[in-house]
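Asks: return atomic coordinates for the entry below.
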Amino acid sequence: MKGLLILSHHVEDGEALATRALLIRAGLEVTTITYENTLDIVTAFGLKVKADAFAKNIDPIAYDFLIIPGGAYVAKIVDKDVQIKEMAKLFDKQDKLVAAICAGPRFLGQAGLLNGVSFTAYAGSEKDMPKGIYLPSYKAIRDHNIITARGAGAIYEFVNEIIKYLLGEEKAQAVLNSILF
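Replies: Numbering: from 1, shown residues only. All right, here's what the predicted structure looks like:
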């Protein structure tokens, strides 16, 4: 199985990079894409990483899941964004997994994907999901094909939910065991 992970300038390092690393450890293929005008991304804590491809150059239909990390970039672009929301809607319409962490669920909320859905997110982000069921005490939640997590402190729970959804409980537990979680 293969998926897409969106990188933007000021993306939260752990939410993007640790998530990707753990999913690869599980045997999933993760392609990083960006809507920025360069593949060279500078993360929230100044790491320089290179996205695999521009979003416009990939065929999202060929992928099984989408991951939207959080970070400072979300507050800067979410209200005017169309591209990330449209990508999330496309995956949701195909009943494919859409996963977002920290402030990333704001894109899903503004796209209407969390209406009637249980979710968690970075405190304060719930304002974009007035028709969702906000559960702030949960580290990560799966509701149908949507997985959300509340922040960088929930990366392992977030990834565990993704792996359980895509590869099953046994594989998810094996990954946790391999990192001595």
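
Asks: could you point out the longest helix of this protein?
Replies: helix 155-167 (DSSP state H).

Asks: what's that helix in contact with?
Replies: 1, 14-15, 18-19, 22-23, 26-28, 64-65, 67, 97, 99, 101, 139-142, 145, 147, 149, 171-172, 175-176, 179, 181 (C-beta atoms under 8 Å, 6 or more residues apart in numbering). To be clear about C-beta, it is placed using only N, CA and C from the backbone, and glycine gets the same treatment.

Asks: list phi and psi for the closest residue to R25 other than its chain neighbours.
Replies: Leaving aside its chain neighbours, R25 sits nearest to V175 (5.8 Å; criterion: C-beta to C-beta, 6 or more residues apart in numbering). Torsion angles at V175 (phi, psi; degrees, to the nearest 10) stand at phi -70, psi -40.

Asks: do N145 as well
Replies: Per degrees, to the nearest 10, the backbone of N145 is at phi -100, psi 10.

Asks: what distance do you get for it to A123?
Replies: 25 Å (C-beta to C-beta, to the nearest Å).

Asks: and if you look at V49?
Replies: 27 Å.

Asks: how many residues are close by K80?
Replies: K80 has 6 neighbouring residues, counting by other C-beta atoms under 10 Å.

Asks: name the helices or strands packed onto the helix or strand K171 falls within?
Replies: When elements are assigned from DSSP states H and E, K171 belongs to helix 169-178. Counting by 3 or more C-beta pairs under 8 Å, 6 or more residues apart in numbering; DSSP states H and E, the packing neighbours recorded for helix 169-178 are helix 19-25, helix 155-167.

Asks: before we move on, back to that, if you average the pLDDT over the longest helix of the chain, what comes out?
Replies: In this model, helix 155-167 carries a mean pLDDT of 98.

Asks: go on, stretch 130-146?
Replies: Stretch 130-146 comes out at a mean pLDDT of 97.

Asks: just the CA trace of it, in CSV.
Replies: Output in CSV follows, covering the C-alpha atoms of stretch 130-146 (Å, rounded to 0.1, in the frame of the first residue of the first chain):
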residue,chain,number,x,y,z
PRO,A,130,-18.4,23.0,14.7
LYS,A,131,-20.4,20.0,13.4
GLY,A,132,-17.9,17.4,14.6
ILE,A,133,-17.7,15.5,17.9
TYR,A,134,-14.5,16.9,19.5
LEU,A,135,-12.9,14.6,22.0
PRO,A,136,-9.9,16.5,23.4
SER,A,137,-8.8,13.8,25.9
TYR,A,138,-8.1,11.3,23.1
LYS,A,139,-4.6,11.1,21.7
ALA,A,140,-5.8,9.6,18.4
ILE,A,141,-9.2,8.6,17.1
ARG,A,142,-10.4,6.7,14.1
ASP,A,143,-14.0,7.2,12.8
HIS,A,144,-14.7,5.4,9.6
ASN,A,145,-11.9,6.4,7.2
ILE,A,146,-10.8,9.4,9.1
